[in-house]
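Novice: coords below, sequence missing:
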Ligand SMILES: C[S@@+](CC[C@H](N)C(=O)[O-])C[C@H]1O[C@@H](n2cnc3c(N)ncnc32)[C@H](O)[C@@H]1O
């Protein structure tokens with residue numbers, strides 16, 4: 001499912017290119033994230049976009065097509081799975097969908113061996129305004145990846161976590177909620193519901209102070225996708241955006 005993001009560079013890719021790039025992120029989630037990245041630019045939030053688990057670039061290209069001049073896209077992956085050819089495929093896909101080599105850097109490496117400075121080194125330093133974490137889905141890796149991303153974030157930046165509430169990774173949210181309890185300055189702004197088992201739900205995180213920047217804006221922009229009950233998470237309201245919002249019928 002694709003929804004317009006208002007970004008003239010991104011929308012054609014979502015409609016006609018996204019599914020052609022091998023990957024596991026949903027079109028619905030990419031639409032919401034593409035909208036967020038556009039609104040960040042309109043609000044004057046400047047910074048790089050980064051992704052852990054870039055693979056062949058499906059979601060990475062979508063995020064990077066929202067870049068403004070002076071910003072850079074950074075994609076991190078071990079680039080060995082399912083073969084070494086994955087990095088070539090990433091570059092081919094970026095070229096095919098209009099992302100210039102000067103606009104992005106692919107870092108080949110394991111995030112367990114990286115420092116925050118390593119992540120933004122290809123961009124000459126600076127803050128990240130949008131970070132998608134989609135690497136190894138286990139406790140040490142998600143914890144490491146959150147710790148890698150958080151210090152780099154623009155004060156109004158967004159971190160998106162893939163494969164939340166996924167039946168194949170039932171313990172992953174436990175690690176995320178433990179991290180959130182240890183970092184109360186961060187909260188779950190919204191949950192983007194899954195489309196499919198390989199197009200799973202994402203958590204959208206921001207710092208508590210940045211909630212007001214995004215919350216009403218997203219609830220308005222995606223009104224037809226708002227699950228009316230939302231959810232309570234850590235004692236606060238969290239919006240739930242879903243492709244097909246409805247409540248169970250009670251006669
Ligand atoms: C599910 S795929 C990502 C899909 C992609 N984000 C998309 O939109 O289609 C997960 C990727 O994370 C990478 N990965 C796993 N653990 C990693 C680590 N510790 N450091 C860097 N990359 C890692 C894998 O090589 C794999 O390509």
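Specialist: Received it, and whenever you're ready, just let me know what you need. Given the structure is predicted, the values throughout are model-derived calculations rather than measurements.
Novice: from here on, contacts and neighbour counts on C-alpha atoms
Specialist: OK.
Novice: Up against the ligand, what does this protein have?
Specialist: Applying CA under 6 Å from any ligand atom, we find that the chain lies next to the ligand at 23-25, 52-55, 58-59, 76-79, 81, 109-112, 134-136.
Novice: What pairs with the lengthiest strand in the chain, parallel or antiparallel?
Specialist: Longest strand of the chain, by residue count under DSSP state E: strand 153-164. Counting by DSSP bridges, the strands paired with strand 153-164 are strand 128-133 (parallel), strand 201-207 (antiparallel).
Novice: Tabulate those strands in a markdown table, adding columns for mean neighbour count and mean pLDDT.
Specialist: As requested, these are exported to a markdown table (neighbours: other CA atoms under 10 Å; pLDDT from 0 to 100):
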| stretch | mean neighbour count | mean pLDDT |
| --- | --- | --- |
| strand 128-133 | 26 | 98 |
| strand 201-207 | 23 | 98 |
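Novice: ok, back up a step: what residues does the longest strand of the chain touch?
Specialist: 25, 45-47, 127-134, 149, 169, 172-173, 200-207, 209-210 (CA atoms under 8 Å, 6 or more residues apart in numbering).
Novice: ok, of the residues of the chain next to the ligand, which come out buried?
Specialist: 23-25, 52-55, 58-59, 76-79, 110-111, 134-135 (16 or more other CA atoms under 10 Å).
Novice: Select, out of the strands paired with strand 153-164, the one closest to residue 245.
Specialist: Among those, strand 201-207 comes nearest to residue 245, with 14.3 Å by CA to CA.
Novice: After that closest one, which helix or strand is next?
Specialist: Scanning forward in sequence from strand 201-207 by DSSP states H and E, the next helix or strand is helix 211-221.
Novice: Work out the gap between the helix or strand just after that next one and the centre of the chain.
Specialist: For helix 211-221, the following helix or strand on the C-terminal side (DSSP H and E) is strand 231-233. On the basis of CA atoms, centre = their mean, to the nearest Å, strand 231-233 sits 20 Å off its chain's mean C-alpha point.
Novice: Could you give the average pLDDT over strand 231-233?
Specialist: Taken as a whole, strand 231-233 has a mean pLDDT of 96.
Novice: What is that strand packed up against?
Specialist: For strand 231-233, the elements it packs on are strand 236-241, judged by 3 or more CA pairs under 8 Å, 6 or more residues apart in numbering; DSSP states H and E.
Novice: what comes up buried for the strand it packs on?
Specialist: Applying 16+ other CA under 10 Å to strand 236-241 flags 238-241 as buried.
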